[in-house]
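> Here is my input, please return the structure:
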Amino acid sequence: MDQDEARQLLAAERARIERELGRHDGERAGEDDAPQDRADQGEGLFERSLDAGIREQLLGELARLEAAEQRLEDGTYGTSVVSGKPIPDERLRIVPTADRLVGE
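Okay, here's the model as predicted:
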């Protein structure tokens, strides 16, 4: 895969992750400070916990993306970090942050 295509794929992936992070930033639009009953409080707690879990997952994806960007700069993007064998372009198009072959 050429570097321009890889940069485009990684940029699109970064935009997706950042957009999702914005949706799960821990703040709920439209929430007010009015007293709520226990069910409302439980629902709010559940939603905040869910957002926190999704946010943690997205931060992990962002870390993998940054590692992929560094591999691109180092000239090792598209090569397995385990075996050193080339990662198929088809895999990189689906998972731009892939750092190993399937099954490694």
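> For the residue nearest the centre of the chain, give me its contacts.
The centroid of the chain falls nearest to Glu61 when counting by Cα atoms, centre = their mean (3.0 Å). Going by Cβ atoms under 8 Å, 6 or more residues apart in numbering, Glu61 touches 17, 97. For the C-beta atoms, the positions are set from N, CA and C on the backbone; glycine is no exception.
> and the gap between it and Ile54?
If you measure Glu61 against Ile54 using Cβ to Cβ, to the nearest Å, the figure is 10 Å.
> how about low-confidence regions in the protein?
Applying pLDDT under 70 to the chain flags the ranges 26-42, 44.
> Please enumerate the helices of this protein.
Taking DSSP state H as the test, the helices found in the chain are 3-23, 38-74, 89-94.
> how many other residues sit next to the residue nearest to Met1 when sequence neighbours are not counted?
Excluding its sequence neighbours, the residue lying closest to Met1 (Cβ to Cβ, 6 or more residues apart in numbering) is Asp89, at 4.6 Å. By the measure other Cβ atoms under 10 Å, the count of residues near Asp89 is 13.
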